[in-house]
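Colleague: Quick check, what structure comes out for this input:
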Amino acid sequence: MRRNPKQLLAISIIATVLAVAFVVPSLWGDRFLPWNLGLDLVGGSHLIYEVDLSQVAATDRENVLNGLRDVIERRVNLFGVSEPQVYVTEAGGQSGLVVELAGVQDVNQAIDQIGATPLLEFREVEQNGTSTSFNFTNLTGRYITGAQVGFNQTTRFPEINFSFNEEGAGIFERMTEANVGETICLFIDNDLIIPDDFNSSCPRVSEKITGGNAVISGRFSLDTAKSIVERFNAGALPAPITLINQQTISASLGADLLRKAIVAGAVGTLLVAAFMIAYYGTLGFVAALALAAYVPLSLALFKLVPGFTLTLAGIAGFILTIGMAVDANILIFERTKEEMKKGLPKDTAIDEGFRRAWSSIRDSNLTSMITAAILYFFTTSFIKGFAVTLFLGVLMSMASAIIITWALLKTWKKI
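Modeller: Here you go, the predicted model:
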């Protein structure tokens, strides 16, 4: 199918205008999807916890850490923080949890809200007419020695297998004997283990259970079963957390950093555009127009990524891609000029210039994207923001070069 440059140019202009309205908060930006800004841009609290895994088996450590992270996220959500950042770190063989609470200035209140090791509880159900109450028992997660995902041999649905130590097995045996035909509910941090599913959170006791091993079966999805196991292990295994570092960033400092980052991005963009115009003349002006479209389109792409948080590191990665975005244009211009010197017509020279430049553009951008992917998967959260904007920015720069720059050159009357 032959591409129509005028149609592509019209579509690019419309997309750019919509992107500008989408990314600028004072236009449509905050109405449809507000920016999710990081701690370093809006201020807040940065907490680092050390996780004691000395009493946890090596095979259970990942589940414990994931479960702790999940519970802390839920606790922070109760605190009213929008999009908290909670992630696991590994340094020097020591596991830790980092909690970033954007906009939270009362760090002591945040620490109290997060608390210590999550508590898993078994409660008996008492029905009084239309009201239901959950009675506390002395059976808690501290008696559980481990939990794993299994599969029911009949239904093939995932199920949760867990076991108690000797003391917990005795308590559980007496509890199940007293509740045959009834339900026992499981709570973590005073909330049902699956808040929106009473049946899964409150399994029915079919018979007295002895030996300290139990199974919760139902029509679980595999992801749900894994989530339950992580929460079981988080509340069950001895993995206390200790606050070892805390930092508060003022909202005024975050606003100042954001303002400086925006100014730096604008100045960088203008300098790149000025250089291209000064060196390449009309072709440079074409590159400047493509760059003017690239910036809002890239920002719109960042904003559309689920869970994306814009940080100073992310802005740095984006500013870097602004300079890289014109690399493809330079290769295309040089190739096109060479073809025109050979006497080829303008349209043919442009197509040939793109064809000859494409392999170099593809390979150089691919290596940058591979580097960004490595940074994302093998570094900390701070660097991940840089990696995401670098990867997406390079991807958008390729699209800008092969679509917008091509459409401009094919439509332009004189180059």
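
Colleague: Check the average confidence over the helix or strand where residue 270 lies, would you?
Modeller: Following DSSP states H and E, one finds residue 270 within helix 251-280. For helix 251-280, mean pLDDT is 83.

Colleague: Tell me the helices and strands packed up against it.
Modeller: helix 39-42, helix 282-304, helix 312-341 (3 or more C-beta pairs under 8 Å, 6 or more residues apart in numbering; DSSP states H and E). C-betas here are computed from N, CA, C, even on glycine.

Colleague: Of those, flag the one that's most buried.
Modeller: With neighbours defined as mean count of other C-beta atoms under 10 Å, the helices and strands packed on helix 251-280 peak in mean count at helix 39-42, which reaches a mean of 23.

Colleague: which other residues reach it?
Modeller: 45-46, 85, 100-103, 249, 251, 254-255, 257-258, 261, 310-312 (C-beta atoms under 8 Å, 6 or more residues apart in numbering).

Colleague: same thing but at 7 Å, please
Modeller: 46, 100, 102-103, 249, 251, 254, 257-258, 310-312 (C-beta atoms under 7 Å, 6 or more residues apart in numbering).

Colleague: Kindly report the same for stretch 406-415.
Modeller: Applying C-beta under 7 Å, 6+ apart, the set of residues contacting stretch 406-415 is 5-6, 8-9, 12, 282-283, 286, 289-290, 346-347, 350, 354.

Colleague: so which of those comes closest to residue 230?
Modeller: residue 12 (45.6 Å; C-beta to C-beta).

Colleague: do you know which of the helices and strands packed on helix 251-280 lies nearest residue 154?
Modeller: Using C-beta to C-beta, the nearest of these to residue 154 is helix 282-304, at 44.2 Å.

Colleague: angle of that closest one against helix 312-341?
Modeller: Using axes from the mean of the first three to the mean of the last three C-alpha atoms, to 10 degrees, the inter-axis angle of helix 282-304 relative to helix 312-341 is 150 degrees.

Colleague: so helix 282-304 versus helix 251-280, what angle?
Modeller: Using the same axes, to 10 degrees: helix 282-304 against helix 251-280 is 150 degrees.

Colleague: for helix 282-304, packing partners?
Modeller: For helix 282-304, the elements it packs on are helix 5-23, helix 251-280, helix 312-341, helix 381-399, helix 406-411, judged by 3 or more C-beta pairs under 7 Å, 6 or more residues apart in numbering; DSSP states H and E.

Colleague: Which among those is found nearest to residue 302?
Modeller: Residue 302 lies closest to helix 381-399 among these, at 6.2 Å (C-beta to C-beta).

Colleague: Show me which residues of that closest one are buried.
Modeller: Residues 381, 384-398 are the ones in helix 381-399 that count as buried (16 or more other C-beta atoms under 10 Å).

Colleague: For it, which outside residues touch it?
Modeller: 38, 85, 87, 98, 294, 297-298, 301-302, 308-309, 311, 313-314, 316-318, 320-321, 324-325, 328, 361, 365, 368-369, 372-373, 375-376.

Colleague: hmm, back to that, looking at the buried residues of helix 381-399, which one is closest to residue 20?
Modeller: Of all those, residue 396 has the smallest distance to residue 20: 14.8 Å, by C-beta to C-beta.
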